[in-house]
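[1] got a structure for you, letters missing:
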């Protein structure tokens, strides 16, 4: 079975400071990893993905994530946080086993950026 | 504009009264899925469909039905809703490679 853990319910950071939102995963086979963001009263929006290749993946709105196979982690990062980054962030994973199609989401981390 | 639409956006109903939440996408996507979002639990997959007439259970299918008669539509049916199905529901679609899912705006359902 595949699973995702987001160990922090909430992350608080001051505007202009770097931010990290943590994610660890468990899958059989090679992982496909994703980050999504949810703004209030909206659906989820895709931020970035790791399929293969470089461990550092760049995505929308200046976000990036680092894939670490040995630590089974895929932390989301941004060098300088904005107040407008405040939202709910979800990490998701699926494996590459042929025929398997389900995507598993973490429980979400609320990011609060203070001005 | 590429989008996933859901209707209704808000629904309050009573226990046992059958309801359908519609989902439609205009991107010609093969894959469609339904999720429910509950506080502290993230998104949990209810059902998904890889193509027309092909559906499969996700993690929490009990109490729900789906159909995929047309590629663009994937309705979620609650034959006899119960209060534990009060939740925020999202429909999503993606192309065959599943590398990015597009989400609808959500349907907030309350079952009294």
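    Cool, the structure landed. As the structure is a computational prediction, the values presented were derived from the model and not from experiment.

[2] Poorly predicted segments of chain A, please.
    A:97-101 (pLDDT under 70).

[3] Over to the one residue in it that gets nearest to chain B: give its phi and psi.
    For chain A, the residue positioned closest to chain B under CB to the nearest CB is residue A:43, at a distance of 3.6 Å. (C-beta placed from N, C-alpha, C; glycine too.) The phi/psi pair for residue A:43 (degrees, to the nearest 10) reads phi -80, psi 180.

[4] quick one, what contacts the residue nearest to residue A:39 when sequence neighbours are not counted?
    Closest residue to residue A:39 apart from its sequence neighbours, by CB to CB, 6 or more residues apart in numbering or on different chains: residue A:87 at 5.0 Å. By CB atoms under 8 Å, 6 or more residues apart in numbering or on different chains, the contact list for residue A:87 reads A:37-40, A:110-111.

[5] and if you look at residue B:75?
    Residue B:75 neighbours (CB under 8 Å, 6+ apart): B:20-23, B:66-67.

[6] Near chain B, which residues of chain A are found?
    A:6, A:9, A:32, A:34, A:36, A:41-46, A:49, A:51, A:90, A:94, A:101-108 (CB under 8 Å from any CB of the partner chain).

[7] still on that earlier bit, if burial is judged by neighbour count, which of the contacts of residue A:87 pass?
    A:37-38, A:111 (16 or more other CB atoms under 10 Å in any protein chain shown).

[8] number of nearby residues for residue 78?
    Because you didn't say which chain, this covers chain A. By the measure other CB atoms under 10 Å in any protein chain shown, the count of residues near residue A:78 is 21.

[9] was after chain B, sorry
    Burial measure for residue B:78: 21 neighbouring residues, criterion other CB under 10 Å.

[10] Surely it is in contact with residue B:19?
    Yes: counting by CB atoms under 8 Å, residue B:78 touches residue B:19, with 5.2 Å between them.

[11] hang on, isn't residue A:62 packed against residue A:78?
    Yes: the pair residue A:62 / residue A:78 is scored as a contact, 5.6 Å apart, by CB under 8 Å.
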